[in-house]
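K.L.:
below are the sequence and a predicted model for it; my questions follow.
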Amino acid sequence: MGRFKENVPPLKTKLEYGIKTPSETSIEEEVLAKEEKPAEPPAAIPADSFEDECLKSHNKYRDMHGCPPLVLNKELNTYATEWAEHLARMDKFEHRTNNRYGENLYYMSGSFTPTPEDAVKAWYDEISMYNYKKPGFHSSTGHFTQVVWKKTKQLGVGRATKDRTTVVVCNYEPHGNVIDHFAENVPQVGGTILKEEQPVKKPEDIAREASQFEEQCLKVHNKYRALHGVPPLKLNKKLTAYAAEWATTLARTNSCKNRNSDYGENIYCMTGGKATAEQVVTSWYEQIKNYNFKKPGFSGNTGQFTQVVWKDCKELGAAKHVSGNSTYVVCFYDPSGNYTNQFPANVLPPIR
């Protein structure tokens, strides 16, 4: 006790928002490496404007808590941009190691181009779970506490895109989320915000909701598979338990990554909303827009779609884990899809 600076590295926070493209097999990773493209900045908002708007959003929320405004640091901007481009290029979502700065990450995949306010608001909205009566760090509120951390003075903003994925990285100096310093660095808004007590669900209610999600997930999968004339999937309880175990791990570690297994896998992670089975599976299926049936094969921006409709796939395991305002969905498939040289026979065009 008393030597935190030397012995306790800065606590890190992470946001998984949107859809994480999986690489189910080593073959897929090989193909992804060959198709790797440099990250491209989105055209919607110029880089300078994005940084300025991100700073503006941070300071809007900090002002609500009576915290001094941040200022942009060009070196921090470069530092954040380097990491955002790395994540987009490698299709990863993880914190920089050996990072002496505070860091918030935001991830979005799809046709929607997020604004700076979308990213900062998603982080700030964790305030609904922060307990001012017991100030301290928690993975479900770490983005919020870093945004408003009173002693933080400088901000670095980075953004990168690849295909339809956008990654936003913000770095903070000095970093926040320091043990035993939350009370003085995370002030209330007007001294009135308190954590709402959440009703405790009964075990039977949790089990019923899980079963309903599995059935709905199966139903949506088979709806889309029918459009391609491929056989329906069946639920496998062992696969579902396997998926539930991994979804719980993702929530506990606040991460969004594939499990090392022999099964096919699709994952979906988001913060700031409730995800239904229909929304999740549809988000995967919508990658059909990027698939070229004239040149069938694996691509990082179509792999979730091709796994959903893979003809030879027979069984499904589906699970969802909700932690705070974050949702983690995992689906496993047996046998696995996305095998090289088997796409023409397994990814059929929609029946006309």
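P.N.:
Great, that's in hand.

K.L.:
state the number of residues packed around residue 71.
P.N.:
11 (other Cβ atoms under 10 Å). No exception for glycine: its C-beta is placed from N, CA and C like everyone else's.

K.L.:
ramachandran angles for it?
P.N.:
Main-chain dihedrals, residue 71, degrees, to the nearest 10: phi -120, psi 150.

K.L.:
which residues touch it?
P.N.:
55, 153, 154, 155 (Cβ atoms under 8 Å, 6 or more residues apart in numbering).

K.L.:
bridged to it, which residues?
P.N.:
Beta-bridge partners recorded for residue 71 (DSSP bridges): residue 154.

K.L.:
name the residues that touch the helix or strand where residue 51 lies?
P.N.:
Secondary structure assignment for residue 51, by DSSP states H and E: helix 47-64. For helix 47-64, contacts defined as Cβ under 8 Å, 6+ apart pick out 41, 45, 68-72, 77, 81, 115-117, 119-121, 124, 147-148, 155, 157, 159, 168, 170, 189.

K.L.:
send the alpha carbons of that helix over as PDB?
P.N.:
The C-alpha coordinates for helix 47-64 follow below in PDB (Å, rounded to 0.1, in the frame of the first residue of the first chain):
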ATOM      1  CA  ALA A  47      -9.700  14.600 -39.700                       C
ATOM      2  CA  ASP A  48      -9.200  18.100 -38.200                       C
ATOM      3  CA  SER A  49     -12.900  18.600 -37.800                       C
ATOM      4  CA  PHE A  50     -13.300  15.200 -36.300                       C
ATOM      5  CA  GLU A  51     -10.700  15.900 -33.600                       C
ATOM      6  CA  ASP A  52     -12.200  19.300 -32.900                       C
ATOM      7  CA  GLU A  53     -15.700  17.900 -32.600                       C
ATOM      8  CA  CYS A  54     -14.500  15.100 -30.300                       C
ATOM      9  CA  LEU A  55     -12.800  17.700 -28.100                       C
ATOM     10  CA  LYS A  56     -16.000  19.700 -28.100                       C
ATOM     11  CA  SER A  57     -18.100  16.700 -27.000                       C
ATOM     12  CA  HIS A  58     -15.600  15.800 -24.200                       C
ATOM     13  CA  ASN A  59     -15.700  19.400 -22.900                       C
ATOM     14  CA  LYS A  60     -19.500  19.600 -23.000                       C
ATOM     15  CA  TYR A  61     -19.800  16.600 -20.700                       C
ATOM     16  CA  ARG A  62     -16.800  17.700 -18.500                       C
ATOM     17  CA  ASP A  63     -18.500  21.100 -18.000                       C
ATOM     18  CA  MET A  64     -21.600  19.400 -16.700                       C
END
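
K.L.:
buried set for it?
P.N.:
Across helix 47-64, burial judged by 16 or more other Cβ atoms under 10 Å covers 50, 51, 53, 54, 55, 57, 58, 59, 61, 62, 64.
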